[in-house]
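Trainee: coords below, sequence missing:
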């Protein structure tokens, strides 16, 4: 399977299937929340259309700004994925993302494991 969907990579990253992945933008805050939410909805739609996919790779190496709204989006999104039986595999999560998740106590909820390579 080789499916690619370009979702305005400049501001919100890129969604690519095979394996299913989502690339997060550098700024994951209130001002980008609506666009990131649309990308996440597109990912969920793509996953629904391909039930054989049981994992999502989230490339978070570019995240260098994260606020509470960005964290809320990630928590809700990963919760929805796990509710659908889809595992999350973080790809090179940035130090900013790791530190913010740890400070807010959501590393476990995000399944952001300490052994994932850092960008």
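Mentor: Arrived safely. On a predicted model such as this, the values are computed, not experimentally measured, just so you know.
Trainee: tell me which element the most centrally placed residue in the chain is part of?
Mentor: In the chain, the centroid-proximal residue (Cα atoms, centre = their mean) is residue 58; its distance is 4.4 Å. Assigned by DSSP states H and E, residue 58 belongs to strand 55-59.
Trainee: List the buried residues in that strand.
Mentor: Buried residues in strand 55-59, counted by 16 or more other Cβ atoms under 10 Å: 56-59. From N, CA and C alone the C-beta is placed, and that goes for glycine too.
Trainee: going on from it, what's the next piece of helix or strand?
Mentor: Moving toward the C-terminus from strand 55-59, the next helix or strand (DSSP H and E) is strand 65-66.
Trainee: How far off centre is that following strand?
Mentor: 13 Å (Cα atoms, centre = their mean, to the nearest Å).
Trainee: Mind jotting down where the helices sit in the protein?
Mentor: Assigned helices in the chain, in chain order: 9-12, 33-49, 68-83, 95-104, 107-110 (criterion: DSSP state H).
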